[in-house]
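Engineer: coords please:
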Amino acid sequence: MSSAFVEPADGRIRVWRRRGERFAEGAVLERQCFGGGSVMVWGGISTCLRTPLYHVVGNLTCVRYQNEILQPLVVPALQAIGPRAILQDDNAPPHRSAAVNTFIQQARVNRMLWPANSPDLNPIEHMWGELWRRVQQHHPPPANLGQLLQWLQQEWNGVPRAFICNLIHSMHQRCVECLAHNGGHTRY
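Structural biologist: Residues are numbered from 1 along each chain as shown. So this is what the prediction gives:
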């Protein structure tokens, strides 16, 4: 048998096999699923702190983003960091609404502006990747969404501070490489 399993970055598994091997034991990968579903979480990181991981239930609107994330989590975290703290979010519609922009100005939050269609260089994206890898190491897979959320919370708190600091300190080099490649692909 010469079947090969490949799991690329998109999470889909591709199988190469010879004719007649479709259901051969070596060409079948069994998965135990808990019935599907997903959870949405929000979190913030800096070199000196990380916010609690927040479970977003349902759609995240600009009003919910302001009331459930910015006000109780982001503003206190930025205040704890000090006056040089900068919020680095993305161009998601709830983040860029007029109401949220007004709130951010009134709260005196320094915000990094991102041009439309810019590459996503935010270190939090690599934190999400690390969180995903850590949760994937749990065996068997989560039995339900509640257990998945519990594992996400546990692993979020377990990511070493040094890992987070490395992500944030790489920001300068991310920008340098992005400029050098005219906004094209980089190693980040």
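
Engineer: Let's see the pLDDT reported for the spatially most central residue of the chain.
Structural biologist: The residue lying closest to the centre of the chain (C-alpha atoms, centre = their mean) is W128, at 3.1 Å. Per-residue confidence for W128 comes out at a pLDDT of 94.

Engineer: quick one, which residue of this structure lies the farthest from its center?
Structural biologist: G20 (40.6 Å).

Engineer: helix/strand/coil for that one?
Structural biologist: Of the three states, G20 takes coil under DSSP: H, G, I helix; E, B strand; the rest coil.

Engineer: Now do the phi/psi pair for the residue nearest to the centre of the chain.
Structural biologist: Here is the backbone geometry of W128 (degrees, to the nearest 10): phi -60, psi -40.

Engineer: For this protein, name the helix or strand with the lowest mean pLDDT.
Structural biologist: Per-element confidence for the chain was summarised using mean pLDDT, DSSP states H and E. The lowest value among helices and strands belongs to strand 4-6, with a mean of 45.

Engineer: which of the residues in stretch 131-146 are buried?
Structural biologist: When burial is assessed from 16 or more other C-beta atoms under 10 Å, stretch 131-146 yields the following buried residues: 131, 134-135, 142. Backbone N, C-alpha and C define where each C-beta goes, glycine included.

Engineer: Let me fix that, I meant to ask about stretch 50-57.
Structural biologist: In terms of neighbour count (16+ other C-beta under 10 Å), stretch 50-57 has its buried residues at 50-51, 53-54.

Engineer: Go through the residues you listed and flag which are in strands.
Structural biologist: The members of those that map onto strands under DSSP state E are Y54.

Engineer: was I right about A99 contacting Q66?
Structural biologist: Yes: here A99 reaches Q66: they are 6.5 Å apart, a contact under C-beta atoms under 8 Å.
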